[in-house]
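[1] Provide a 3D model corresponding to the input given below.
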Amino acid sequence: MTALEKYARLEGPGVWRAGADAQRRDVVVSLGESSLMIADTRSGQALSHWSLPAVQRLTRGTRPAVYAPSIESEGETLEIDDALLIEALETIHSALAPRPPTRWLRLGMIGAVAVLAVAAALWVPGVLVERTAAIVPPAMRAQIGREALDGMTLSAASARLCANPEGRQALATLRTRVLGADWRVSVVSGVPGFEIASLPGRQIVLGDDLVSRLDSGEALAGWLAAEALDIEAHDPLIEALHYAGTRATVTLLVTGTLAEDALRGYALQRFARPPAMPEAEALGGWLDGLGVSSTAYALSLPDGWQELAQRLADRTATAPRTGERLLSDGEWLTVQGICAN
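    Now for the predicted structure:
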C-alpha cells in the first residue's frame, strides 16, 4: 500500500487563515490523492485547495504544526494539531517530493557543467571577436594595422620599415594601379624569409627579399592581387583580435581603442607564415582587369606552386592585354631600392 492509498480520504480539524491580516477560523482538512482541501466546519463549504507536493511546513518540532500552500504563499496558513494528520502530511509530502540526484547523476551534472564551461570558453571569445570586427570602422582598422606594424620594430631589433622617399612614391603608383588608392603597401627589411602578408586596414606588407628577387611591376602586381583576394576571404582583423585576447577585444568594443601593446609581436608572428595560395581563376581575372599577363607572376612563384602556375597558363584571358607596363624600368628599380638608406 502506498502512502497516498494509506491516507486517502483522511480528515481532521485545523485552523485556517486566508492571509496575514485575515481572521483565523476553524476548518476541516481533507486529504485527497494529490491535494488538500480546506472546508468550513459548519457549512462544509470549500475554502481552499492546496497541492500536496507544494505544501510547506513552516514550523519544525512544535505543535500545532503550521503549513503554507507553497513557498510563494502570501500569508495563507493552516495550523494542525492532530498527530495522525501531521504524520499523513509529512509522509505524503515526502513521497511526492522530487528525489535528490543520485551520486552518478550528480557526477553527470558536474560533467555537463564542465563541458558547457569549456565550450563557452572556446565559443564566446570567437563570437566576441567576430562581432567586434564587424563593427570596427575603416579608420580604426587602419590604425590597428599601423600599430601592429609599428610594434614589429619593438619585437625585433633588426626589423625596420623601409622609407626611401622615391621608392615609396613608385610603390604608391603601383599600388594605386593594382589595388586602388584606399590600400596601403609597405616594405620591411630585416625579417629573413618573409615575402608578403596582410594586416588590418587593407594593409599589405612586403618583404625586402621578395621585392629584390622580382623582375617587374607586373610580377609584384600578381603578389599584391593574390594577397588582396586572401584579405577579402579572411578578415585580418579577426586574427589580430584573437592574438590581442579577449580583454583587449572588450576594451576595443567598449572604448573604441585597442589596449597599448596589445598587438606587440603580432606582425612578426603573422610574417612567419607562408602566403596563401590564390585561386587561379580569381587571380587571373584580376590581372586581366589590369590588362597585364600573369606570366611574370607565374615565373616568380616558389617551388611547390607549379600547379597554380600551370592553371594560370591554361586559362583564357577574359579581357584584352593592353601591353602597357605598370611601371617603367626606372620606376621598378626605384621600388627595389626602397630599403636603401
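[2] who's in contact with the residue found closest to residue 156 once you drop the neighbours it is linked to in the chain?
    Excluding its sequence neighbours, the residue lying closest to residue 156 (CB to CB, 6 or more residues apart in numbering) is residue 268, at 5.7 Å. Yep, even glycine has a C-beta here, placed from its N, CA and C like the rest. Contact analysis of residue 268 by CB atoms under 8 Å, 6 or more residues apart in numbering lists 152, 155, 156, 159, 191.
[3] for these, which two are the farthest from each other?
    Distance extremes for the contacts of residue 268: the farthest pair is 155 and 191 at 10.4 Å, using CB to CB.
[4] more neighbours: the two, which one.
    residue 191 (21 against 14; other CB atoms under 10 Å).
[5] now do the same for that one: its pLDDT.
    pLDDT recorded at residue 191 is 92.
[6] please shift the residue numbers so they start at 306 in all later answers.
    From this message on, residue numbering opens at 306, which makes the last subject residue 496.
[7] quick one: the helices in the protein?
    With helices called from DSSP state H, the chain shows them at 308-312, 388-401, 408-440, 443-460, 470-483, 513-518, 522-538, 541-549, 551-560, 571-576, 585-595, 600-604, 611-619, 634-641.
[8] for the last one, buried residues please.
    Burial within helix 634-641, assessed by neighbour count using 16 or more other CB atoms under 10 Å, is assigned to 636, 637, 639, 640, 641.
[9] closest to residue 340 among the residues you listed?
    Nearest member of the buried residues of helix 634-641 to residue 340, counting by CB to CB, is residue 640, at 89.4 Å.
[10] could you pull up the residues touching that closest one?
    So residue 640 contacts 472, 475, 476, 479, 516, 522, 525, 632 (CB under 8 Å, 6+ apart).
[11] try residue 489
    Neighbour list for residue 489: 447, 450, 480, 506, 507, 508, 509 [criterion: CB under 8 Å, 6+ apart].
[12] so how far is residue 476 from it?
    To residue 476, residue 489 is 10 Å away according to CB to CB, to the nearest Å.
[13] try residue 539
    Counting by CB to CB - residue 539 and residue 476 are separated by 24 Å.
[14] low-confidence ranges in the stretch 406-555 of the chain?
    Within the stretch 406-555 of the chain, the segments meeting pLDDT under 70 span 406-430, 460.
[15] if we go to 50?
    407, 409-410, 412-429 (pLDDT under 50).
[16] give me the number of residues near the closest residue to residue 575 other than its chain neighbours?
    Nearest non-adjacent residue to residue 575, counting by CB to CB, 6+ apart: residue 502, 5.0 Å away. By the criterion of other CB under 10 Å, residue 502 has 24 neighbours.
[17] and for residue 432?
    Neighbours around residue 432, by other CB under 10 Å: 9.
[18] check contacts around it.
    By CB under 8 Å, 6+ apart, no residues touch residue 432.
[19] still on that earlier bit, for the helices of the chain, give me CSV that also has distance to residue 327.
    Shown next, in CSV, are the helices of the chain (distance: least, CB to CB, whole Å):
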stretch, distance to residue 327
helix 308-312, 28
helix 388-401, 22
helix 408-440, 42
helix 443-460, 65
helix 470-483, 85
helix 513-518, 89
helix 522-538, 72
helix 541-549, 62
helix 551-560, 53
helix 571-576, 71
helix 585-595, 80
helix 600-604, 91
helix 611-619, 87
helix 634-641, 93
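[20] out of these, which is closest to residue 324?
    helix 388-401 (21.2 Å).
[21] from the contact counts, what lies against that closest one?
    helix 308-312, strand 316-322, strand 330-336, strand 361-362, strand 370-373 (3 or more CB pairs under 8 Å, 6 or more residues apart in numbering; DSSP states H and E).
[22] what angle separates it from strand 316-322?
    Angle between the axes of helix 388-401 and strand 316-322 is 80 degrees (criterion: axes from the mean of the first three to the mean of the last three CA atoms, to 10 degrees).
[23] what lies in contact with stretch 520-534?
    Contact partners of stretch 520-534, identified using CB under 8 Å, 6+ apart, comprise 479-480, 482-484, 488, 490, 500-503, 509, 511, 515-516, 519, 580-584, 587-588, 591-592, 595, 597-599, 601-605, 630-632, 636-637, 640.
[24] okay, which residue is most central for the chain?
    Nearest to the geometric centre of the chain sits residue 432, at 1.5 Å (CA atoms, centre = their mean).
[25] please tell me how far it sits from residue 539.
    In this view, residue 432 and residue 539 are 17 Å apart by CB to CB.
[26] residue 370 now?
    Here residue 370 is placed at a distance of 70 Å from residue 539 (CB to CB).
[27] show me how this protein divides into domains.
    308-401, 408-440, 442-641 (automatic domain parsing).
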